[in-house]
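**Q** coordinates only, sequence not included:
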């Protein structure tokens, strides 16, 4: 499934983006998913929840792909 989230600032951190997209209920849950290697950013595995996402980036988790716009 592909969807998108809109940001007003220059960037959003990966953990925050996961919460905004409804893929994690909390920052702690997002951190666990990321540290387990279950999240990719622009097609590459990402292990840092503080990874900055900019407009045009996308991240995937559990069959969901979210584009940042």
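**A** Happy to help now that I have it. What you see is a predicted model; the values in this text were computed from it and never measured.

**Q** from here on, just use CA atoms for contacts and neighbour counts.
**A** OK.

**Q** averaged pLDDT, stretch 32-39. What do you get?
**A** Stretch 32-39 shows a mean pLDDT of 97.

**Q** let me fix that, I meant to ask about stretch 54-69.
**A** 97.

**Q** buried stuff in it?
**A** Within stretch 54-69, the residues scored as buried using 16 or more other C-alpha atoms under 10 Å are 54, 55, 58, 59, 60, 61, 65, 66, 67, 68.

**Q** how far does stretch 37-49 sit from its chain's centre?
**A** 8 Å (C-alpha atoms, centre = their mean, to the nearest Å).

**Q** and the top helix by length along the chain, what does it pack onto?
**A** In terms of residue count, the longest helix belonging to the chain (DSSP state H) is helix 27-35. Judged by 3 or more C-alpha pairs under 8 Å, 6 or more residues apart in numbering; DSSP states H and E, helix 27-35 is in contact with helix 14-20.

**Q** so what sits opposite residue 60 in the bridge?
**A** In this structure, residue 60 bridges to residue 40, residue 65 when assessed by DSSP bridges.

**Q** from residue 54, how far off is it?
**A** 15 Å (C-alpha to C-alpha, to the nearest Å).

**Q** ok, back up a step: ok, of the buried residues of stretch 54-69, which one's closest to residue 6?
**A** Closest approach to residue 6 among these (C-alpha to C-alpha): residue 68, at 6.0 Å.

**Q** for that closest one, what are its contacts?
**A** By C-alpha atoms under 8 Å, 6 or more residues apart in numbering, the residues touching residue 68 are 4, 5, 6, 7, 53, 54, 55, 56, 57, 58.
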